[in-house]
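# Let me see the structure of the following:
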Amino acid sequence: MDSITLNAHAKINLSLEVVGRRPDGYHNIVSLMQGIGLCDVVTIKKCPQNGTKYNLPHCTINRHVVYLCTNEKTIPTDMNNLAIKGIAALAKASEAVFPGTDLIIGIEKKLPVAAGIAGGSGNAAASMLGLNALAGYPLSLRELMSIGAEAGADVPFSIFMNAAANRDNLKGLQGLEEAGFAAWTGGIGDIVEGTDEEVRHVIMANPGTGVSTRDAYQAIDSIGYSGIDERGSRKLFVNDLEKYTLESYPEAAALKQLMRDTLDADEILMSGSGPTMVAYYKDKDKAERDAERLTRALKSKPGHRMWLTTAGTDNKTQEERQR
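Now for the predicted structure:
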């Protein structure tokens, strides 16, 4: 096999409690994360070493040239790119993952950037899963997840969930049967416990601005934590980072208020550090009707994007419905 193409699904947080600051400056969380039907598309392709030199951004990792090709101009194309970080973490952990060739990583971005839905982490997950597949599966699912924590806090869950979403293309992966679409995560995101899905129809909307996750977590120390102890309350539809983002980003606050005024959702909650807002529904028909209402309301809001999708279940055949 010379190449592999995987869907890189994003996630949402049905709950996100920050339960304390760690000595290393990071924060421990308790969060229910679920995959959604929306995704980028990532292709990993072998190319001969010392062969054709491509006019693409590239890095050298363990003497291998890794090229990056993407349609999104705003994401980094150097070692700060999460997909490249994932490949570098794999190379550091095991030379066996490199198939003796250089690599081209192609990322077709469909998801917004810096939106609190782990789009970049999904790219890292798909890249790591894909490279492991090209190398003949030397590493198991849990080994990939452990290594992924070095690339980013959301990467372990993204590997867990994207392995499930791409199950048909990853049949040689040891531990694949454990992968799923939902998990309670702890620590900095490196503790992943698979759980039953809270399947919901969701409307996601984004105001077209990015939020710094680092800034949000730095601010949480003065705002306070909702978690009772290190296990948190495990309540659904709470997000300790929402207060900071709504106060610091007027576009996010205005979007949430618009959704409250326009929609008849069961719940409306920011995902991750934002600014993506998610309206949750058990009733599919109600979600579809509300999607049409929000479509009309956002026509006068340039830069806003909206999707109707499902959380917590496999959506391989679902097309993105973007307004």
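# alpha carbons only for contacts and neighbour counts from here, please
Noted.
# any idea of the mean pLDDT in the longest strand anywhere in the chain?
Of all the segments of type strand in the chain, defined by DSSP state E, the longest one is strand 27-47. Strand 27-47 shows a mean pLDDT of 95.
# what about the closest residue to residue 194 other than its chain neighbours, neighbour count?
Once flanking residues are discounted, residue 194 sits nearest to residue 183: 4.1 Å by Cα to Cα, 6 or more residues apart in numbering. Using other Cα atoms under 10 Å, residue 183 is surrounded by 23 other residues.
# quick one: contacts for residue 183?
Neighbour list for residue 183: 32, 33, 34, 157, 192, 193, 194, 195, 196 [criterion: Cα atoms under 8 Å, 6 or more residues apart in numbering].
# ranking those by neighbours, who comes first?
Going by other Cα under 10 Å, residue 157 tops the contacts of residue 183 with 34 neighbours.
# Just the element for residue 88, please.
Following DSSP states H and E, one finds residue 88 within helix 82-93.
# hmm, who's touching that helix?
By Cα under 8 Å, 6+ apart, the list of residues contacting helix 82-93 from outside reads 61-62, 66, 78-79, 97-98, 120-121, 123-125, 127-128, 131, 144, 147-148, 150-152.
# what about burial for the residues you listed, which qualify?
Listed as buried from the contacts of helix 82-93 are 61, 66, 78-79, 97-98, 120-121, 123-125, 127-128, 131, 144, 147-148, 150-152; burial here means 16 or more other Cα atoms under 10 Å.
# Mind picking the two most distant members of the contacts of residue 183?
157 and 196 (14.5 Å; Cα to Cα).
# one step back: got the buried residues for the helix or strand following the longest strand of the chain?
Next helix or strand after strand 27-47 toward the C-terminus (DSSP H and E): strand 58-61. For strand 58-61, burial by neighbour count (16+ other Cα under 10 Å) applies to 58, 59, 61.
# How confident was the prediction at residue 89?
The model reports residue 89 with a pLDDT of 96.
# residues near it, how many?
19.
# List phi and psi for residue 66.
Residue 66 adopts backbone torsions of phi -120, psi 110, taken as degrees, to the nearest 10.
# Would you mind naming the residues that bridge with the residue nearest to residue 194?
residue 33, residue 194 (DSSP bridges).
# Tell me the spacing between it and residue 263.
28 Å (Cα to Cα, to the nearest Å).
# How about residue 219?
In terms of Cα to Cα, residue 219 sits 30 Å off from residue 263.
# Which one's more surrounded, these two?
Taking other Cα under 10 Å, residue 219 and residue 263 do not tie; residue 263 has more neighbours (20 against 15).
# Could I get the pLDDT score of that one?
98.
# Just the element for residue 156, please.
helix 155-165.
# Just give me how far that helix sits from the chain centre.
Here helix 155-165 shows a centroid-to-chain-centroid distance of 9 Å under the convention Cα atoms, centre = their mean, to the nearest Å.
# Residue numbering should commence at 293 henceforth.
In the new numbering, first residue 293, that becomes helix 447-457.
# Much appreciated, bye for now.
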